[in-house]
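Visitor: no letters, just coordinates:
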């Protein structure tokens, strides 16, 4: 099950938002309130994991598999 990051929506000007994580099915609707406090929340969109090659830019490291593993 994926883990989603949520953030409380401050109800007062100087109140700070609090982030928390929840494991949910992709089929579940996003939360609208904090499960413990009932405060309004929004889901935070995050970047996730990416792939970074240490090879030449745009060439997949110069290897035929594109992984920079030395096979090419």
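Guide: Everything's here; your move. The structure displayed is predicted, hence computed values, not measured ones. Residues are numbered from 1 along each chain as shown.

Visitor: shaky segments in this structure?
Guide: Applying pLDDT under 70 to the chain flags residues 48-72.

Visitor: where along it do the strands fall?
Guide: Secondary structure of the chain by DSSP state E: the strands cover 3-8, 19-23, 41-44.

Visitor: tabulate these (CSV), appending mean neighbour count.
Guide: C-beta: built from backbone N, CA, C; applies to glycine. Shown next, in CSV, are those (neighbours: other CB atoms under 10 Å):
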stretch, mean neighbour count
strand 3-8, 16
strand 19-23, 12
strand 41-44, 16
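
Visitor: among these, which is nearest residue 30?
Guide: Evaluated over the strands of the chain, closeness to residue 30 peaks at strand 41-44, with 4.7 Å, by CB to CB.

Visitor: counting by contacts, list what the closest one packs against.
Guide: Packing partners of strand 41-44 (3 or more CB pairs under 8 Å, 6 or more residues apart in numbering; DSSP states H and E): strand 3-8.

Visitor: for residue 25, which non-adjacent residue is spatially closest?
Guide: residue 1 (5.8 Å; CB to CB, 6 or more residues apart in numbering).

Visitor: re earlier: any chance of CSV for the strands of the chain, columns distance to residue 34?
Guide: CSV is the format used below for these (distance: least, CB to CB, whole Å):
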stretch, distance to residue 34
strand 3-8, 6
strand 19-23, 7
strand 41-44, 5
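
Visitor: of all these, which one is nearest residue 29?
Guide: strand 41-44 (10.3 Å).

Visitor: and the closest one, which strands flank it?
Guide: strand 3-8 (antiparallel) (DSSP bridges).
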